[in-house]
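Undergrad: Based on what follows, work out the 3D shape:
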Amino acid sequence: MRRGPKIVAAALAGSAIAGLFSVGLASGAGRHQAASVTLQVAPRGPGAVAVSPVGAGDASNPCDENQGQNSCTWSYSPGQSVTLTPSVLPGGKSFSGWSTPDCPGTGPCTITLDQDATTIVATFDPLTLGVQLSQNDEGQVTSDPAGIDCSNGGDAKCKATFSPGTQVTLTATPTSPNTVRAFSPGCRQTSPTTCTITVDDQTTWVGVAWNSDTLPPLATTIDVQFRLAKGGDGTGRVTAPKLDCGSTCSAKFGFGTSVTLTATPDPGSTFGGWNGVCSKTQTTCTLAVGPITSLKALFARDATPPTAPAGLEVTGATRTSIAVAWTASTDNVGVAGYRVYLNGSPAGNPTQTAFAFSGLVCGRSYSVAVDAADAVGNRSPKAAITAQTKPCPLAARLAGAAVKRAGGARIVTAQLRVNRSTTALLRLAVASRVVASGRYRVKPGTNALRLTVPGTVPRGPCVLTITVADPDGGGPRAYTRGILLPAPR
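TA: The predicted structure is shown next:
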């Protein structure tokens with residue numbers, strides 16, 4: 001949900017008065033149902049907040065305890081719905097917004113109290129920035145935007161008003177030969193003589209020390225209850241110093257304390273943001289507690305599949321195996337592994353981008369595919385190719401040979417069976433003398449080869465020799481068969 005723009009600006013500035021106040025922590029996880037719960041209402045600046053209904057307690061209603069250590073508390077039964085209505089007091093400009101994203105804008109805020117203590121801060125415009133010097137005659141402090149001017153010999157406490165969330169740069173100019181020793185930790189030092197602070201409290205204080213002076217003591221502020229909840233259909237964990245939220249949890253901090261939250265999605269989930277307080281793409285969020293007292297971390301179930309593997313190719317093949325490789329897939333969370341398929345059936349689950357299929361048949365064509373999966377089983381589209389094992393070894397057999405007459409010619413026929421395409425040489429010899437020959441291209445299966453016998457060859461016995469070439473480069477295979485030639489016509 002959207003927050004009041006000025007309050008969001010204050011929260012995002014991240015330059016709260018960290019370190020000035022002690023931090024107390026109370027976890028709300030795992031408690032038994034409380035008999036009553038506490039609502040703390042803290043107007044900051046020139047305004048008041050009315051609550052309805054009014055809980056048990058002696059706080060005034062509307063609550064106008066609006067600065068320093070002042071706030072209002074009431075007790076209610078768990079589950080009570082309470083409406084808070086802001087009003088601007090004389091001298092104020094406007095209401096800037098609530099400390100919870102559950103109450104966007106500047107209208108009334110309705111909340112339901114559960115078993116944890118709840119703090120709601122209402123910020124009004126303007127807020128006061130105060131500067132306190134360790135000595136009032138050793139230098140000058142001015143501000144940008146203008147307003148603060150602690151001059152030599154003047155009051156050691158200087159104040160000016162600014163809109164909530166304004167980042168103010170303070171410049172300390174020591175009187176010669178003095179030096180600037182330190183700014184209070186809540187003001188982020190940007191050079192030896194400057195620091196920047198976000199105005200978010202009433203009053204926001206900064207201390208300046210000269211020379212060997214110690215930092216002046218500053219007025220304290222209230223402690224507030226910070227609550228964090230998780231939402232969405234995914235799961236995850238949120239941690240911060242002394243804060244570990246496996247579920248809804250809360251802790252108490254001094255107003256203005258800077259807290260950095262870290263979100264860690266569980267496997268199969270993605271992080272979905274911080275209610276708009278910090279960027280959705282950031283798994284860490286630094287905010288000032290006080291201007292923000294409630295935040296929700298969103299986790300979503302991962303429903304996005306990885307991209308399909310690219311560049312699937314055959315990297316090697318034997319007569320019984322095929323090796324393939326591909327380019328890694330990408331995923332919004334992470335690729336857990338791959339599945340390879342052979343002729344449509346799962347054949348393995350590698351985690352690397354390569355796989356070798358084994359136990360295959362030689363000379364066979366296969367359909368090979370691969371897809372990617374993430375941790376929750378979302379699968380990518382498949383990448384597929386056709387691949388072949390290397391051809392089987394040459395197998396050849398002379399299935400038969402005979403002599404037939406065609407008109408006046410004698411024709412020798414041979415039935416040659418082979419399992420691979422190759423060439424065959426036929427030779428007919430009489431008394432070791434070749435009388436006819438021919439070379440043929442043969443294909444897998446049975447090939448009928450024909451050789452015409454010259455009419456000059458007399459009747460009688462002869463030898464038919466078939467020599468088959470090995471396509472793998474091995475030695476030729478030779479087969480012989482005796483044949484009785486009839487007399488020529």
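Undergrad: contacts, neighbours, all on C-alpha from now
TA: Fine.
Undergrad: can you pull the contacts of residue 267?
TA: 375-376 (C-alpha atoms under 8 Å, 6 or more residues apart in numbering).
Undergrad: in which helix or strand would I find it?
TA: Here residue 267, judged by DSSP states H and E, is contained in no helix and no strand.
Undergrad: quick one: pLDDT of it?
TA: Per-residue pLDDT puts residue 267 at 83.
Undergrad: what about residue 327, how many neighbours?
TA: Neighbourhood size, residue 327 [other C-alpha atoms under 10 Å]: 14.
Undergrad: where's the residue nearest the centre of the chain relative to residue 307, distance?
TA: Of all residues in the chain, the one closest to the mean position by C-alpha atoms, centre = their mean is residue 333, 4.1 Å from it. As judged by C-alpha to C-alpha, to the nearest Å, residue 333 and residue 307 stand 12 Å apart.
Undergrad: what's the answer for residue 440, then?
TA: Counting by C-alpha to C-alpha - residue 440 and residue 307 are separated by 52 Å.
Undergrad: the more surrounded of the two?
TA: Ranked by neighbour count (other C-alpha under 10 Å), residue 440 and residue 307 place residue 307 first, with 19 against 14.
Undergrad: I'd say the more buried one and residue 380 touch.
TA: Yes - with contact defined as C-alpha atoms under 8 Å, residue 307 reaches residue 380; the gap is 5.6 Å.
Undergrad: now the end-to-end length of stretch 212-231.
TA: End-to-end span of stretch 212-231 (C-alpha to C-alpha): 51 Å.
Undergrad: shared neighbours, residue 307 and residue 380?
TA: residue 372.
Undergrad: quick one: stretch 188-197 to chain centroid distance?
TA: 35 Å (C-alpha atoms, centre = their mean, to the nearest Å).
Undergrad: Between its first and last residues, how far does that stretch reach?
TA: 6 Å.
Undergrad: Average pLDDT for that stretch, rounded please.
TA: Rounded mean pLDDT across stretch 188-197 is 96.
Undergrad: from what I can see residue 84 touches residue 50, true?
TA: Yes - between residue 84 and residue 50 there is a contact under C-alpha under 8 Å: 5.6 Å.
Undergrad: joint contacts of the two?
TA: Common contacts of residue 84 and residue 50 (C-alpha under 8 Å, 6+ apart): none found.
Undergrad: what's stretch 319-336 in contact with?
TA: Stretch 319-336 is contacted by residues 268-270, 302, 304-317, 351, 353-363, 372-375, 387-392 when judged by C-alpha under 8 Å, 6+ apart.
Undergrad: now residue 416: how far from residue 357?
TA: 34 Å.
Undergrad: Which helix or strand contains residue 326?
TA: Assigning secondary structure by DSSP H and E places residue 326 in strand 322-327.
Undergrad: partners of whichever helix or strand comes after that strand, with directions?
TA: Note on strand 322-327: by DSSP H and E, the next helix or strand toward the C-terminus is strand 335-342. According to DSSP bridges, strand 335-342 forms sheet pairs with strand 345-348 (antiparallel), strand 365-374 (antiparallel).
Undergrad: what's the angle between strand 335-342 and strand 322-327?
TA: With axes from the mean of the first three to the mean of the last three C-alpha atoms, to 10 degrees defining the directions, strand 335-342 sits at 150 degrees from strand 322-327.
Undergrad: Residue ranges in the chain under the pLDDT threshold?
TA: Where the chain drops to pLDDT under 70, the residues are 1-34, 152-156, 247-248.
Undergrad: What residue spans form the domains of it?
TA: Annotated domains of the chain cover 127-210, 310-388, 396-485 [automatic domain parsing].
Undergrad: can you give me the strands in the stretch 201-350 of the chain?
TA: If DSSP state E, counting those that start in this stretch is used as the criterion, the strands of the stretch 201-350 of the chain fall at 204-210, 223-231, 236-240, 243-245, 249-254, 258-265, 269-273, 284-288, 294-301, 310-317, 322-327, 335-342, 345-348.
Undergrad: Using JSON lines, lay out those together with distance to residue 95.
TA: Compiled in JSON lines, the strands of the stretch 201-350 of the chain are given as follows (distance: least, C-alpha to C-alpha, whole Å):
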{"stretch": "strand 204-210", "distance to residue 95": "18"}
{"stretch": "strand 223-231", "distance to residue 95": "20"}
{"stretch": "strand 236-240", "distance to residue 95": "31"}
{"stretch": "strand 243-245", "distance to residue 95": "31"}
{"stretch": "strand 249-254", "distance to residue 95": "23"}
{"stretch": "strand 258-265", "distance to residue 95": "23"}
{"stretch": "strand 269-273", "distance to residue 95": "27"}
{"stretch": "strand 284-288", "distance to residue 95": "19"}
{"stretch": "strand 294-301", "distance to residue 95": "19"}
{"stretch": "strand 310-317", "distance to residue 95": "57"}
{"stretch": "strand 322-327", "distance to residue 95": "57"}
{"stretch": "strand 335-342", "distance to residue 95": "49"}
{"stretch": "strand 345-348", "distance to residue 95": "64"}
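Undergrad: tell me the most buried of those?
TA: Across the strands of the stretch 201-350 of the chain, averaging neighbours per residue (mean count of other C-alpha atoms under 10 Å) puts strand 204-210 on top, at a mean of 24.
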